[in-house]
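**Q** Return atomic coordinates for the entry below.
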Amino acid sequence: MSRYVRLVAATARVSGPTVYQGPAIVAVWHEANLLQAVGIWRLRSDRRFVSFSTRGFRGIVMNGMIEGLECGVVALPPESARAEAGRLARDMGRYGRAGWSLALAPDGPLGPYRVAKPGALLLARESGLPIVPWAVSVRPSFRLRRRWDRQVVPLPFARIRVVEGAHIRIAEGEALKPRLAELQAELARVAAEADRRMGER
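**A** Reported below is the predicted structural model:
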């Protein structure tokens, strides 16, 4: 999978403005995980990213892809392990403060589809990094429609354009719940723009 991401990134025809290059939390809907990897590999000068994976077979597959792209990977705790999740956020915050970027899907790992959870906000508060919402317009591609996230798979020689949203910063000690609607709205806005651009081609 990492070789496939590199192939798509190397052959893609890219349009649009330059994406943000500083340390950040790059957030996409879960359906765009592969597109996020392609965009980071092709468009970012600094590829020092840490991402997340689930446990089990799917996690093993994703770990292999992420590590094959020379990025770090951290396994997510079970949904019920709230204390472990808190420790994970603090650990990931240390990566961010050390200059690494983070890649995540706010509706992952199991949905609901395009419904943001507060994890990205928690990481932004712990790390001091801005959340940079992304969506990617790509053609040709196909969707895995039987998956809950309707994963988008880009094809080699695709035309791609990253739609980057307004950056979201969370202050130390700031309450997260009031900002969740903002994150949801910005991810929805850039996804709608990417969907519209894909439909125009």
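**Q** where along this protein do the strands fall?
**A** Ranges of strands in the chain, per DSSP state E, are 13-14, 25-27, 49-53, 72-75, 101-104, 131-144, 151-164.
**Q** Out of those, which one sits most buried?
**A** strand 25-27 (a mean of 27; mean count of other Cβ atoms under 10 Å). (Glycine included, C-beta is placed from N, CA and C.)
**Q** how about the strands of the chain, which one is nearest A116?
**A** Among the strands of the chain, the nearest to A116 by Cβ to Cβ is strand 25-27 (8.4 Å).
**Q** hang on, the earlier thing: kindly reformat the strands of the chain as TSV containing mean pLDDT and distance to L43.
**A** Below are the strands of the chain laid out as TSV (pLDDT from 0 to 100; distance: least, Cβ to Cβ, whole Å):
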stretch	mean pLDDT	distance to L43
strand 13-14	94	7
strand 25-27	97	10
strand 49-53	83	12
strand 72-75	76	19
strand 101-104	94	13
strand 131-144	95	10
strand 151-164	96	6
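**Q** Show me the one of those strands that comes nearest A192.
**A** Nearest of the strands of the chain (Cβ to Cβ): strand 131-144, 8.1 Å.
**Q** quick one on the thing from earlier: in a markdown table, list the strands of the chain along with distance to L187.
**A** Formatted as a markdown table, the strands of the chain follow (distance: least, Cβ to Cβ, whole Å):
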| stretch | distance to L187 |
| --- | --- |
| strand 13-14 | 21 |
| strand 25-27 | 7 |
| strand 49-53 | 17 |
| strand 72-75 | 22 |
| strand 101-104 | 11 |
| strand 131-144 | 5 |
| strand 151-164 | 11 |
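**Q** What is the distance between the lowest-mean-pLDDT helix or strand in the chain and the centre of its chain?
**A** When each helix and strand of the chain is scored by mean pLDDT, DSSP states H and E, helix 57-68 comes last, with a mean of 74. The chain centre lies 15 Å from the centre of helix 57-68; the measure is Cα atoms, centre = their mean, to the nearest Å.
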